[in-house]
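> Task: produce atomic coordinates for the following.
(2 chains)
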Amino acid sequence: MAWYRQIWNVLRPGRTQRNLERELSFHVRERADELQAAGMSEDEAVRDARRLFGNYTSQVERTREMDINGWLDSALRNLRLAVRALVKTPAFTTVVILTLALGIGANSAVFSAINAVLLRPLPFPEGDQLVKLTQTRKQSPFVAPVRLEDWNRLSSTFQAISGWYAEDESELSGELPEKLSRALVAPRFLQVLGVAPIIGRDFSSREEHFGGPEAVLISHRLWLRRFGGNPNAVGQTLRIGRSSVPIIGVMPASFLFPGRDVDLWSVSPPDAPYAQSRESTWYTVIGRMKLGVTVEQARANLATVQSNLGNQFPKTDAGMGVSIEPLKEITVGGVRQSLWLLFGSVTLLLLIACTNIATLLLSRAAGRQHEISVRFSLGASRASVATQLLTEVLVLSLAGAALGLVMAAGASRVFPVLARDLPRIEEIGLDGRILWYTLACAIAATFLCGLLPAIRGTRRSLAGSLATASRALVSGRNTMQFVLVGVQVALAVTLLAGAGLLVRSLQELGRVSPGFEAEHVLALHISSNWGETSDFKASHQRVTRILDGLNSIPGVAGSATSVTIPGVPVNYQIEVNTAEGRAPSEPKMLAESRAVNPSYFATMRIPLLTGDLCRDDQSTAGMMVNRSFADAYLGGSSAIGHRLFQPGNSFVVPSEIRGIVGDARENGLDRAPVPTVYWCFGGNQPGSYFLVRTKVAPAALVETVRRKIHELEPLRSVYDVIPLSGLISDAYAENRLRTILLAFFATTAVLLACIGLYGTLRYMVSIRQREVGLRLALGAMRAQIVRQFVQQGLRAVLCGCLAGLAMAEAAGRLMSGMLFGVSPSDVLTLAGVTGIVVAVSVLASLLPAIRASRLEPMQVLREG
Amino acid sequence: MGAKKNDILQGTLVLLILKTLASSKKMHGYAITGHIQKVSDQLLRVEEGSLYPALHRMEQEGWIKAEWGITEKNREARFYSLTAQGRKQLNQEEASWERLTEGVARVLRFA
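You can find the predicted model right below:
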C-alpha cells in the first residue's frame, strides 16, 4: 500500500533527507538532555549521545532505505549519471541521437503505413465481416441485379448483400457542368457497410423500388464545397443530367466507399424493367457475413445457392461459381508486398544504425577504462557498471526515438503526397500503437547497441590491465570492432543490391517496346451515363461527332475511343468461341477483351498486319484480334473470316474477324502481350477514354480540345485531360516510389557503414599512435603504414560484401515478384553494388590511414 | 560499543514496538526506547541503529502511522501510533511469540 509513497520519496530526495535528519537529531538531543541531567557537562553529554547513536550518516542512510523504492532510486541515479556523462561529450551524443532518430523514425514511419493499411480493420463496424463476391467462369465478374437479389434472398450466411457500379455525371446546377462521380448502388448498400449518414437518412424502401421517388446521398466533401456545410442542404436538389434529384443525406467525411472520388450515391432499383436480364454485367458485389460466420462457410453456402440457380436457369447460370474474398484483402492486398519490402529495408537500416553505434560505444568504453576501473576498485559490481553503461544507451535511444517520432509524424503527412493511389492512405497517422512500437524500437535499439559494449567494456581483465595498456607500444587487435564493420557492410550490401535490382527493373520497363506509341497522345474523359447507352444509335453518333470535331483541330493527327487505355494494368479476360464451334479437344479460347473504335489502331500506332480494319457501323459487326490470338487459336492468318461470340453474353453480337493487328502490351507495360480480341464498338459507354494523337506536345492542346468539346457538347463535362504517357507512368508510381525509397535507404545504409568503418579506423589509429610512431622512427615507409590500415579495413569490408551478396541473393528471391527483366541474382547489379561499396570503403579507410602515416614519430613517442 | 545489555532478538523488535504503541496513544522514537527499557527493568536495550529502520519499515507496511508533533519540552518530534492493521499484526506476532517461547521452553525442559 505504501509503494507509491516510496516512489514519491524517491522523487523528492531533499525533503525525505531533511525529515530523517530532523527525526534522528531529536533522538540525539533527547539523549544528551538525559545524560546532562545525570550530571555530565553539556559538551560531554552531546559527544556521548552522538557516540551512543553510532555512525549518524549510515543510520540516516539505513533508515532512508526503508522509505524509498530502491530500484527506482538507483535507476534515477543511473539516469542522472548517464545524462551528465552524455552532456560532457556533445558531439558523440548528437551523432548517436541523429543516427538513431533516422533509424527509428524511418521504421516508425513505415510501420505507421503498415498499421493503417494492413493491420487495422477496414473503417467500418465489424469490417472483418465484409467480403467481396464475384461470379467466376463465363463472362465478366460483374453481377446482374437479379442474381444479386437471388443471392441476398437465398443465402443463409449473410446479413445482407449489396453492390455498386460507378459512373461519372455532369452536375448542372453550377455555372459550368461539373463532373461528379456517382455510385449507383443496389438496395441495402449502407446496411452492408454499417454506416449511416451524419445528416438526413438512408434510402427508404420506396426509393429502392422502380418508379419510387428519386434520392441522392452526397459526400461530406461535396456538402462542404457546395453547401458550405449547411444542414439545410438536405432537401435541396442537384441537377444530374436531365433530372433534378433531391438530397436526402450527407455521408461522414471518413466514408470513401467505393472510391475516394465518389461524391454521390443513388439507388438503382432491382425491379426496373431494364434490370431483369440475368446476363447484364453491372454490379461489383459486397456482402456482410453474419457474425461468427467464416469466409469458408460463406463460400460453401453461396456455392450451393448458385448451383441451385444453375439448375433453375441453366442457360445463364449453369456452371457459374461464386468467389468470395475478404474486402480488406481486395482493398489492400496489392500493396502488401511493397509495404513489407519497405519495412524489411528500414529494419535493416535500423540494424545498421545500431551496429554503427555499437562500434562507437566500444571505442567509447575503451576510452573510459580508467573511469570504469576506478568504479570497480571502489567496489561497484560488474552488473551495476554494465547497467550504468546501458542506461546511457537507453537515454540516447529514447532521445532518438522521440526525434524519430517527430520524423514519422512528418512522414505520415508526406505519404499522401508521394503515393496518392495507395489504398487507405488517408487513414495513416500516429496512434497509440505507433507510440508503443517506437518505444519498443528504442528498447530493442538499446540492447542491440548497448549490450555488447556493456559486456565487453566491463571485463575486469580489460579494466585491470588498464594501467599497463595505455603504456604498451603494441595494442590489442580489436577484432570485435571489425566484425561489427563487416556486419554493417553486409547489411548495406543487401539493401543496396535490393535497390539496384528495383532500379534495373524500372530501367528495363522504360526500355520495353510496348507495341504502341504512348508519346504525343492526350487522354480524356467526357461525361455520359449508362442510361444513354440504351440508344446505341444516338450515342454512336455523338461519339462520331466528337471524334470528327477533335480531328478538325489543327495539330491533331487522329483520335479514337477505348474503354481502357493501353499500357496500364487492367485485366478483363473472357472466354470466346467461334460461331461454328470448336472441338472439345481444342483449348478454350481465353482472351483479353478490349472495346475500341476502329481508329484506335491508327491513333495508337498499332500496325495492321493482315486483312482489313473493322468498321464501326453495327450492321457489319466486325472485330480485330492480335497476332498472339490468331497464332494461338486460329492458325495465324487463317483467323480472318471466323465469327467470334462470347458464350453467355448475348449483348455482344457475334462478330467477324476482319484483320489481325500487331501485339501490344495492352494490359500493362510489365506484362508480355497475351491473346487479345478487340470489339469494334467501344466508346459510347460511360468512363470511356478519348485518345487524341497530337503533332505537338499533347499538353499544349489541352485548352483547345476542351473548348472544342464544349462547343459540340455544352452539357457535358470534360475531365482528367492528361497525356497518355503520364497516365501510364502514374500506373507505375508505386513501383517508382518504392524504388526511390529503397534507394534512399540503401544510400543511407552505405553511408552509415562507411562512417562506421571510418570511425573504427580512426580509433585504431588513435590508440596505435605510439606503435606507428615507433615503426616510422625505425624506418618504415609511410606508404606501408597507409597500406596496413587500408588492408585492415578492406579485409572487414570484403568479408562483409561476401556475406552481403549471399543475403542479397536470398532477398532477391523474396522480391522476385517485383522484378521486371532482371534476375534476382543479376551479375551486373551485384557486381556494381560490390564495386560501389568497395570504392567508398577504400575512400573511408584512406583518410584515417593517411592521417596515421603523417604522424610525427618523435612527437608521438615523446608524448607517450 | 561497550558492554551490551541483552540485545534484542532479531525480529522481536517489531513485536516490542507494536506492544509499546498499543499501550499508549502516540510516542516518538526516543520514548519508545525508554519505555522498552523501563518496562523490561533495563533487561532490554533498543539499539538506535535498528530502531529507526524498523519504525520506517513498519510505517511503509502500514502497521503504524507517523505525524510531526511537539514534545513537552517544545521540541519537534515524529510521533508514531498504531493503525488497525498494526493491531492485527500485534495479535499475530504475540500468538507466534507465545508458540515460540513455549516450544523453546519445552525443548529446554526435556533436553
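
> measure A:Ala455 to A:Leu361 for me?
Check again: residue A:455 is Ile, not Ala. Note on A:Ile455: its distance to A:Leu361, by Cβ to Cβ, to the nearest Å, is 11 Å. For glycine as for every other residue, the C-beta is placed from the backbone atoms N, C-alpha and C.

> Just want the most central residue of the chain.
Just going to use chain A. A:Leu339 (3.9 Å; Cα atoms, centre = their mean).

> try chain B instead
The residue lying closest to the centre of chain B (Cα atoms, centre = their mean) is B:Ile17, at 1.7 Å.

> buried ones in the worst-scoring helix or strand of chain B on mean pLDDT?
Using mean pLDDT, DSSP states H and E, helix B:48-61 stands out as the lowest-scoring helix or strand of chain B, at a mean of 85. Of the residues in helix B:48-61, B:48-49, B:51-61 count as buried by neighbour count, 16 or more other Cβ atoms under 10 Å in any protein chain shown.

> now stretch A:801-808
A:801, A:803-805, A:807-808.

> Run a quick neighbour tally on A:Ile657.
Residues lying near A:Ile657 (other Cβ atoms under 10 Å in any protein chain shown) number 23.

> hang on, isn't it packed against A:Tyr633?
No - with contact defined as Cβ atoms under 8 Å, A:Ile657 does not count as touching A:Tyr633 (10.6 Å).

> Now for those two: what residues contact both?
Common contacts of A:Ile657 and A:Tyr633 (Cβ atoms under 8 Å, 6 or more residues apart in numbering or on different chains): A:Ala639.

> pLDDT score for residue 106?
No chain was given, so I picked chain A. pLDDT recorded at A:Ala106 is 90.

> Chain B, not that one
So B:Arg106 comes in at 91 (pLDDT).

> Quickly note the distance from it to A:Arg594.
B:Arg106 is 106 Å from A:Arg594, where distance means Cβ to Cβ.

> got a list of what the residue in chain B that chain A sits nearest to touches?
Using Cβ to the nearest Cβ, the closest approach of chain B to chain A is made by B:His56 at 3.7 Å. Applying Cβ under 8 Å, 6+ apart, we find B:His56 in contact with A:63, A:66-67.

> need those in a markdown table with neighbour count, secondary structure and pLDDT, can you?
A markdown table is the format used below for the contacts of B:His56 (neighbours: other Cβ atoms under 10 Å in any protein chain shown; DSSP: H, G, I helix; E, B strand; the rest coil; pLDDT from 0 to 100):
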| residue | neighbour count | secondary structure | pLDDT |
| --- | --- | --- | --- |
| A:Thr63 | 22 | helix | 78 |
| A:Met66 | 20 | helix | 75 |
| A:Asp67 | 21 | helix | 74 |
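
> among those, which are within reach of chain B?
A:63, A:66-67 (Cβ under 8 Å from any Cβ of the partner chain).

> how far off helix B:48-61 does the lengthiest helix in chain B point, in degrees?
Identified as the longest helix of chain B according to DSSP state H is helix B:84-110. Angle, helix B:84-110 to helix B:48-61, by axes from the mean of the first three to the mean of the last three Cα atoms, to 10 degrees: 130 degrees.

> Show me what helix B:84-110 is packed against.
Using 3 or more Cβ pairs under 8 Å, 6 or more residues apart in numbering or on different chains; DSSP states H and E, the elements in contact with helix B:84-110 are helix B:12-23, helix B:48-61.

> If I take the last one and helix B:12-23, what angle do their directions form?
Taking the same axes, to 10 degrees, helix B:48-61 and helix B:12-23 form an angle of 70 degrees between their directions.

> following helix B:48-61, which helix or strand comes up?
The first helix or strand that comes after helix B:48-61 along the chain, using DSSP states H and E, is strand B:64-70.

> what comes up buried for that following strand?
Those buried within strand B:64-70 under the rule 16+ other Cβ under 10 Å are B:64, B:66.

> in what helix or strand does A:Val285 lie?
Counting by DSSP H and E, A:Val285 is found in strand A:284-289.

> Can you tell me, leaving aside adjacent residues, what's nearest to A:Val485?
Spatially, and ignoring its direct neighbours in sequence, A:Val485 is nearest to A:Ala796 (4.5 Å; Cβ to Cβ, 6 or more residues apart in numbering or on different chains).

> hang on, I meant A:Ala639
A:Ala630 is the one closest to A:Ala639 (Cβ to Cβ, 6+ apart), at 3.9 Å.

> next one: A:Leu522
Using Cβ to Cβ, 6+ apart, the closest residue to A:Leu522 is A:Pro698 (4.0 Å).

> Could you give the number of residues near the one you found?
A count of nearby residues for A:Pro698, using other Cβ under 10 Å, gives 24.

> shouldn't it be in contact with A:Thr704?
No - contact criterion Cβ under 8 Å: A:Pro698 and A:Thr704 do not qualify, at 11.0 Å.

> confidence score at A:Val543?
If you check A:Val543, the pLDDT there is 90.

> ok, and what's touching the helix or strand where it lies?
Using DSSP H and E, A:Val543 sits in helix A:536-551. Contacts to helix A:536-551, defined as Cβ under 8 Å, 6+ apart, come from residues A:526, A:528, A:532-533, A:556, A:558-561, A:597, A:599, A:616, A:618, A:683-684, A:690, A:692, A:705, A:708-709, A:711-713.

> Type out the ChimeraX command that picks the buried ones from those.
The following ChimeraX line selects those of the contacts of helix A:536-551 that are buried, judged by 16+ other Cβ under 10 Å:
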select /A:526,528,532,556,558,559,560,561,597,599,616,683,684,690,692,705,708,709,713
